[in-house]
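S.K.: no sequence for this one, just the structure:
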Ligand code: AMP
């Protein structure tokens, strides 16, 4: 499709997009706009965020609205309040020249009565978050009986956020004859189920590869020891003086820690996580949007709905367990036709995870060496020089001061002057990176790996979770990291058996690990962990030994200790015997495969 004007969009819409400066439709718009204008079938469109999806459904929807009909005709569901507001603003811009066009956003965390009033005054399209929509439906405040179009935007995110039930309820309140359009970056099974239940023979439009990353994004990774992760982050930031990106962390705690360290070290950074109030959250996001912050350290959940288009970098301070999460994260850069870099800082045991990600998402990862001090200093220096060359001199403002400055500096030669100006800005880097060590993990041979691991002594732990609990090696490592809040602990061999598992912890951290799990247990953590003795056995051996004698896999102390309040031994069906979970660690399911 060469231009917007040939699509059948209304003259008012064409006028609006000309004003917005849209010249050429994006690939998703090329496919979706004519489809919505010319068809009445349901639609599943797989496309990344930032590819122009909002206009892809918004422009044809507004074109097709019958403005004589005063009922609500379109419903757009969005996973987050920020996206909801963004979509509304976009639609208002698209409908600017359709005088009677009205779009009303409804989302949580804002005055519901005001939203009820707005709805009452009439709307062509409602844009809402699932929770608030359910609330309004329950209050009898929304009449969806004449809805003609429903759009599920970022449907995969909505499911990730646990809105499945709300979706069912909302869609159940819309007429059977409506048309449903689902937009998603990925196509997990749960979306397929929603589509099967609520859509009628949907057409599928796939932009780029299914479940694939954005093509404008380069994927790079650095391999360091877990203890050097933060140093690596700093070096990546220092090597990219114009960095404007999100640093993704696993937990709130880690988010806070990393942001605090960055701030202390003089970076324009801040944290975005679930412990912030809505006002604090808005404040941080605004600072980031206006680029007063160069690095936003965030959890996946907190960063949802943050609509920033021109990020230079997405930095994975930790690799997510989930392929889709990686794709979502990296899709936050390389938007609106720009290029971006998704950087992952991984430790030695995550090499395979990179390979898996590359294979599953069909993306190419480039392993890069963490830059050394000399390289970084050079980069920073030339950035500074470039900046100086390109700076606009405000002659009028400084003219008055210059004679005095010239006279004060007259004793310095040209070379000395340059040296001093450069040093004012640059000494911080020179000092910091003087003698900076190489923190790259060398591409080691198997033999070296074995030799290194022989030098570290490990203690073996038992945990009462195994394959039946869908525990994975990666999940177990994450659990140790989360519970101890310490990522420097070296974890040795891990064996996941059917109902329980073993893992090795380097001896220096044994007490810390024991204490951390005990502490977690008092708070209702769902698994028990104990030091174990003897060799690691296969499941069969364990069962045989158990029958014969006192099992050597039994932990030193039995589970009848002081943290046993919740624990009931499992019967044959391990799930039935599971303790009531008083407290489930946020994202506990991430330990599962
Ligand atoms: P979205 O995927 O809807 O969040 O859009 C991403 C960004 O691309 C937004 O800032 C849009 O304003 C912009 N955009 C959408 N379509 C076009 C287009 N055809 N030409 C230029 N920019 C666009």
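M.R.: Cool, got the structure. Because the structure is a prediction, the values reported are computed rather than measured. Numbering: from 1, shown residues only.
S.K.: My read is that residue 458 contacts residue 505, right?
M.R.: Yes - assessed by Cβ atoms under 8 Å, residue 458 is found in contact with residue 505 at 6.4 Å. Yep, even glycine has a C-beta here, placed from its N, CA and C like the rest.
S.K.: which one of the two has more residues nearby?
M.R.: Between residue 458 and residue 505, counted using other Cβ atoms under 10 Å, the more crowded position is residue 505 (23 against 17).
S.K.: mind listing what the more buried one touches?
M.R.: Counting by Cβ atoms under 8 Å, 6 or more residues apart in numbering, residue 505 makes contact with 458, 459, 461, 480, 489, 490, 491, 492, 513.
S.K.: Out of these, which end up buried?
M.R.: Among these, those classed as buried by 16 or more other Cβ atoms under 10 Å are 458, 459, 461, 480, 489, 490, 491, 513.
S.K.: Near the ligand, which residues of this structure? Just list them.
M.R.: Neighbours of the ligand within the chain, by Cβ under 6 Å from any ligand atom: 22, 24-26, 29, 49-55, 309, 335-336.
S.K.: returning to what we had before: out of the buried ones among the contacts of residue 505, which is nearest to residue 97?
M.R.: Proximity of the buried ones among the contacts of residue 505 to residue 97, judged by Cβ to Cβ, is greatest for residue 480, which lies at 58.6 Å.
S.K.: Per-residue pLDDT of the closest one, please?
M.R.: Residue 480 is assigned 88 on the pLDDT scale.
S.K.: joint contacts of residue 458 and residue 505?
M.R.: Residues touching both residue 458 and residue 505 comprise 490, 492, with contact defined as Cβ under 8 Å, 6+ apart.
S.K.: re earlier: from the residues of the chain next to the ligand, list the buried ones, please.
M.R.: With burial judged by 16+ other Cβ under 10 Å, the buried subset of the residues of the chain next to the ligand is 22, 25, 26, 29, 49, 50, 51, 52, 53, 54, 55, 335.
S.K.: Quick check: residue 79 touching residue 154?
M.R.: Yes - A contact is recorded between residue 79 and residue 154 when judged using Cβ under 8 Å, the distance being 5.2 Å.
S.K.: now the end-to-end length of stretch 311-322.
M.R.: Using Cα to Cα, to the nearest Å, the gap from the first to the last residue of stretch 311-322 comes to 22 Å.
S.K.: Work out the gap between that stretch and the centre of the chain.
M.R.: With Cα atoms, centre = their mean, to the nearest Å as the basis, the distance from the averaged C-alpha position of stretch 311-322 to the chain average is 7 Å.
S.K.: Residue 84: what's it in contact with?
M.R.: Contacts of residue 84 were listed using Cβ under 8 Å, 6+ apart, and they are 78, 105, 106, 107, 127, 128, 129, 305.
S.K.: And the furthest pair within those?
M.R.: Looking across the contacts of residue 84, with Cβ to Cβ as the criterion, the two at the greatest separation are 106 and 305, at 15.0 Å.
S.K.: When those two are compared, which one has more neighbours?
M.R.: Looking at residue 106 and residue 305 with other Cβ under 10 Å, you find the greater number of neighbours at residue 106, namely 26 against 21.
S.K.: list the contacts for that one?
M.R.: By Cβ under 8 Å, 6+ apart, the neighbours of residue 106 are 84, 115, 118, 119, 126, 127, 128, 129, 132, 133, 136.
S.K.: Counting neighbours, what do you get for residue 429?
M.R.: Residue 429 has 18 neighbours, counted by other Cβ under 10 Å.
S.K.: circling back to that earlier point, show me the buried ones among the contacts of residue 505 that map onto helices.
M.R.: With helices defined by DSSP state H, the entries of those inside them are 480, 513.
S.K.: Out of the buried ones among the contacts of residue 505, which is nearest to the ligand?
M.R.: If you rank the buried ones among the contacts of residue 505 by distance to the ligand using Cβ to the nearest ligand atom, residue 480 comes first, at 38.1 Å.
S.K.: Let me see the contact set for that closest one.
M.R.: For residue 480, the set of contacting residues under the criterion of Cβ under 8 Å, 6+ apart consists of 489, 491, 503, 505, 513.
S.K.: Could you identify the pair within the residues you listed that is furthest apart?
M.R.: Distance extremes for those: the farthest pair is 489 and 503 at 10.7 Å, using Cβ to Cβ.
S.K.: Mind checking which of the buried ones among the residues of the chain next to the ligand land in helices?
M.R.: 29, 53, 54, 55.
S.K.: contacting residues for the last one?
M.R.: The neighbours of residue 55, taking Cβ under 8 Å, 6+ apart as the test, are 17, 22, 26, 29, 90, 94.
S.K.: what number of residues lie near the last one?
M.R.: Going back to what we said before, that points to residue 94. The number of residues packed around residue 94, counting by other Cβ under 10 Å, is 25.
S.K.: I'd say it and residue 18 touch.
M.R.: No - taking Cβ under 8 Å as the contact criterion, residue 94 and residue 18 are not neighbours in contact, 11.6 Å apart.
S.K.: got the domain boundaries for the protein?
M.R.: Domain ranges of the chain: 4-206, 217-372, 374-432, 446-564, per automatic domain parsing.
S.K.: Leaving out the residues flanking it, which one is nearest to residue 169?
M.R.: Ranked by Cβ to Cβ, 6 or more residues apart in numbering and with sequence neighbours excluded, the top spatial neighbour of residue 169 is residue 134, at 5.6 Å.
S.K.: Please tell me how far residue 419 sits from the ligand.
M.R.: Taking Cβ to the nearest ligand atom, to the nearest Å as the measure, residue 419 and the ligand are separated by 44 Å.
S.K.: Run through the strands of the stretch 51-200 of the chain in chain order.
M.R.: 74-77, 103-106, 125-128, 149-152, 179-184 (DSSP state E, counting those that start in this stretch).
S.K.: what about residue 314, neighbour count?
M.R.: 25.
S.K.: show me what contacts the residue nearest the centre of the chain?
M.R.: For the chain, the residue sitting closest to the mean C-alpha position, by Cα atoms, centre = their mean, is residue 300 at 3.4 Å. Contact criterion Cβ under 8 Å, 6+ apart gives 248, 320, 325, 328, 329 as the residues in contact with residue 300.
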